[in-house]
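need coordinates for the below:
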Amino acid sequence: MLVRAFRAAAGPNTWLVIAGEGDLRPAVEAAAAGADNIKLLGYRSDVARLYQAYDLLAFPSREEQMPMVLLEAMAASLPIVATRIDGPAEFLPEPEAVLFETEDEAALTKILREQFALGQRRQKYDMTPFDPKGQSDKIEAFYRLVLSTRSKMKK
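Model (predicted):
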């Protein structure tokens, strides 16, 4: 679906670069056949470096819980277009991220056209909910509160 939507929305000097491997690779290769502006990189261990070259992350997954790729893209300040599925919909902020319904290829095509028209940019996200130190501090503060309340109840 992403390849078809991209092909319908792409303008000049627009590229679709897909990093990763999976069972759908043969279908993606078939959909991308003949398109010089679609590249399948396969498995990469340097994805964080690639984010610096990307202008947008498209995530048309049908089901995911807490995909690291979205957190990595947020940390890299990439604009994100993703399906509105459980998991990502709970932590991707709108309007910073643009969400669309699963399997809605027409919506994805329209969103990609709009995003391409905006040009190259970066998007700021509030990453504090994902900061391990901040979250462990909150948990520790909660337990301190519970312990202090419990101590007061005993007296």
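
so which bits of the longest helix anywhere in the chain are buried?
Ordering each helix of the chain by length in residues (DSSP state H) puts helix 132-154 first. The neighbour-count check on helix 132-154 (16 or more other CB atoms under 10 Å) flags nothing as buried. No exception for glycine: its C-beta is placed from N, CA and C like everyone else's.

ok, and what's touching it?
Helix 132-154 is contacted by residues Thr128, Pro129 when judged by CB atoms under 8 Å, 6 or more residues apart in numbering.

likewise for stretch 107-119?
1-2, 4-6, 8-11, 14, 56, 58, 60, 79, 81, 98, 100-101.

give me the element the residue nearest the centre of the chain is part of.
With distances taken as CA atoms, centre = their mean, Leu70 lies nearest the centre of the chain, 3.1 Å away. According to DSSP states H and E, Leu70 maps onto helix 68-75.

could I get that helix in CSV with only the CA atoms?
Extracted C-alpha coordinates of helix 68-75, given in CSV (Å, rounded to 0.1, in the frame of the first residue of the first chain):
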residue,chain,number,x,y,z
MET,A,68,11.0,1.6,18.2
VAL,A,69,11.1,3.0,14.7
LEU,A,70,8.6,5.7,15.7
LEU,A,71,10.5,6.6,18.9
GLU,A,72,13.7,6.8,16.8
ALA,A,73,12.0,9.0,14.2
MET,A,74,10.6,11.3,16.9
ALA,A,75,14.0,11.6,18.5
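
what packs against that helix?
Judged by 3 or more CB pairs under 8 Å, 6 or more residues apart in numbering; DSSP states H and E, helix 68-75 is in contact with helix 47-51, strand 57-59, strand 80-83.

number of nearby residues for Asp131?
When neighbours are counted by other CB atoms under 10 Å, Asp131 registers 11.

for it, grab phi and psi.
Dihedral pair for Asp131: phi -80, psi 110, per degrees, to the nearest 10.

what's the spacing between Glu101 and Leu57?
Taking CB to CB, to the nearest Å as the measure, Glu101 falls 18 Å from Leu57.

just to check, Leu6 is in contact with Leu16?
Heads up, residue 6 is Phe, not Leu. Yes. At 4.5 Å, Phe6 and Leu16 qualify as touching, with contact defined as CB atoms under 8 Å.

pull up the overlap in contacts between the two.
Counting by CB under 8 Å, 6+ apart, the shared contacts of Phe6 and Leu16 are Ile38, Ala58.
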